[in-house]
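A.B. asks: got a sequence here, can you build the structure:
(one chain, ligands or ions: 3)
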Amino acid sequence: MKLTYLGTGAAEGWPALFCNCKNCREASRLGGRNIRTRSQTLVNHDLLLDLPPDTYYHKLMSGLDFSAVKYLFVTHWHMDHFYPQELTVRGSVYSHRMASRDLDIYCAAGTKALFDQVSWEANKETLETLHFHILTPFEPVTAGDYTVTPLPGNHMHELKNGQPFIYLIEQAGRRVLYAHDTGIFYPEVWDFLGKCGHIGLVSLDGTCGASKVGPKGGHMGLPDDREVRARLIEMGACDSTTRFVLNHFSHNDGLLYDQMIREAGPDFTVSYDGMEIEC
Ligand SMILES: [Zn+2]
Ligand SMILES: [Zn+2]
Ligand SMILES: [Zn+2]
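C.D. replies: Numbering: from 1, shown residues only. Ligands and ions are numbered 1, 2, ... in the order given. Sure thing, here's the model as predicted:
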């Protein structure tokens with residue numbers, strides 16, 4: 001599988017829209033890999049993870065054909081992962097000669113409810129091409145030649161409105177664990193990961209930079225990522241061939257790209273907008 005990290009920032013982006021903090025000003029000054037748009041990752045050319053408000057910008061920057069995406073898996077309903085109005089300009093008079101007429105969308109019921117609030121803006125022809133599938137934790141779904149298992153993310157359930165998911169994506173004997181947004185995993189997720197087979201790439205929540213978050217924060221920082229990595233290796237789900245990628249960085253606790261590389265060391269690949277990685 002090939003993963004393209006189109007956006008690698010947390011909710012407000014980095015630099016953040018309305019922010020003048022030191023980290024944002026420095027990111028603006030340095031540019032390059034310090035500029036982080038909202039999180040979105042493409043698997044191969046046809047499976048998309050999340051639909052943030054920066055999706056259109058990602059199309060501009062990457063030159064990718066987003067009409068070729070057949071499967072959209074949404075991690076959760078936070079704005080930086082799901083901006084449902086963008087779907088109202090798919091198909092109909094808005095998009096011609098699309099590579100795939102239909103789009104299968106996999107998410108929690110609360111995430112679909114957000115789309116339902118804006119679906120009145122969509123033409124009938126558009127709505128006919130969007131097929132929602134409501135996911136249940138631990139119940140795998142088949143999407144083309146992918147098998148995707150939604151696992152409950154440890155991410156702000158108290159905010160109500162839908163189950164956050166992290167995803168185990170399998171294709172042709174390869175496995176990717178995409179874990180955004182989440183804190184350290186729940187016990188039942190560890191149990192599942194202990195039996196799922198070898199994972200080739202683990203994409204971990206790096207929201208909090210070098211700070212330790214612990215099990216109740218809903219995100220992770222480097223000490224938490226190290227803990228998760230060590231445990232996955234110890235239980236045999238991962239080994240020295242597994243790539244560990246950090247993603248979803250925030251200006252609040254975050255380190256600029258070069259600082260993050262130094263802090264993370266050789267055990268982790270620090271993502272940046274536009275990064276491609278094979279698994
Ligand atoms: Zn997020
Ligand atoms: Zn800032
Ligand atoms: Zn979130």
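A.B. asks: which one is R231 nearest to, not counting chain neighbours?
C.D. replies: In space, and not counting its chain neighbours, R231 is closest to W190: 7.2 Å by C-beta to C-beta, 6 or more residues apart in numbering. Using the backbone N, CA and C atoms, a C-beta is placed for each residue, glycine as well.
A.B. asks: am I right that the one you found sits in a strand?
C.D. replies: No. Counting by DSSP: H, G, I helix; E, B strand; the rest coil, W190 is not found in a strand; it is helix.
A.B. asks: which helices and strands sit right next to the longest helix anywhere in the chain?
C.D. replies: Criterion DSSP state H: the longest helix present in the chain is helix 222-234. When contacts are defined as 3 or more C-beta pairs under 8 Å, 6 or more residues apart in numbering; DSSP states H and E, helix 222-234 packs onto strand 201-205, strand 243-247.
A.B. asks: from R229, how far out is D80?
C.D. replies: In this view, D80 and R229 are 24 Å apart by C-beta to C-beta, to the nearest Å.
A.B. asks: looking at the stretch 1-150 of the chain, what residue ends up closest to ligand 3?
C.D. replies: H78 (3.5 Å; C-beta to the ion).
A.B. asks: look at that residue and report its pLDDT.
C.D. replies: Looking at H78, its pLDDT stands at 94.
A.B. asks: quick check: nearest residue in space to it, chain neighbours excluded?
C.D. replies: In space, H78 is closest to A11, 6.4 Å off (C-beta to C-beta, 6+ apart).
A.B. asks: for whatever residue of the stretch 51-200 of the chain ends up closest to ligand 2, helix, strand, or coil?
C.D. replies: For the stretch 51-200 of the chain, the residue closest to ligand 2 is D80, as judged by C-beta to the ion, at 14.7 Å. D80 falls in the coil class when you classify it by three-state DSSP.
A.B. asks: wait, what's in contact with it?
C.D. replies: 9-13, 38-39, 52-53 (C-beta atoms under 8 Å, 6 or more residues apart in numbering).
A.B. asks: where do the strands of the stretch 51-200 of the chain begin and end?
C.D. replies: Applying DSSP state E, counting those that start in this stretch to the stretch 51-200 of the chain gives strands spanning 71-73, 103-107, 130-134, 141-143, 146-152, 165-171, 174-179.
A.B. asks: these two touch, right, F115 and R90?
C.D. replies: No. Using C-beta atoms under 8 Å, F115 is not in contact with R90; the gap is 11.6 Å.
A.B. asks: which residue sits closest to the residue of the stretch 101-250 of the chain found nearest ligand 1, ignoring its sequence neighbours?
C.D. replies: In the stretch 101-250 of the chain, the residue that lies nearest ligand 1 is D181 (4.3 Å; C-beta to the ion). Leaving out its chain neighbours, the residue that sits closest to D181 by C-beta to C-beta, 6+ apart is H155, at 4.7 Å.
A.B. asks: what values do phi and psi take at the residue nearest to A10 when sequence neighbours are not counted?
C.D. replies: Using C-beta to C-beta, 6+ apart and skipping the chain neighbours, the partner closest in space to A10 is S250 (3.9 Å). Backbone torsions of S250, given as degrees, to the nearest 10, read phi -120, psi 150.
A.B. asks: so for K216, what's the pLDDT?
C.D. replies: According to the prediction, K216 has pLDDT 82.
A.B. asks: who's in contact with the closest residue to it other than its chain neighbours?
C.D. replies: Nearest residue to K216, sequence neighbours excluded (C-beta to C-beta, 6+ apart): G183, at 6.8 Å. By C-beta under 8 Å, 6+ apart, the contact set of G183 is 154-155, 205, 213-220, 224.
A.B. asks: still on that earlier bit, redo the contacts of D80 as TSV? Include pLDDT, secondary structure and neighbour count.
C.D. replies: Supplementary listing: the contacts of D80 in TSV, determined by pLDDT from 0 to 100; DSSP: H, G, I helix; E, B strand; the rest coil; neighbours: other C-beta atoms under 10 Å:
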residue	pLDDT	secondary structure	neighbour count
G9	97	strand	27
A10	96	coil	27
A11	95	coil	16
E12	96	coil	17
G13	97	coil	24
R38	98	strand	28
S39	98	coil	31
P52	98	coil	24
P53	97	coil	18
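A.B. asks: stretch 168-185 near ligand 3 at all?
C.D. replies: Yes. Against ligand 3, stretch 168-185 shows contacts by C-beta under 5 Å from the ion at D181.
A.B. asks: tell me which residue of the stretch 101-250 of the chain lies closest to ligand 2.
C.D. replies: For the stretch 101-250 of the chain, C-beta to the ion, closest residue to ligand 2: S250, 8.7 Å.
A.B. asks: alright, calling it a day.
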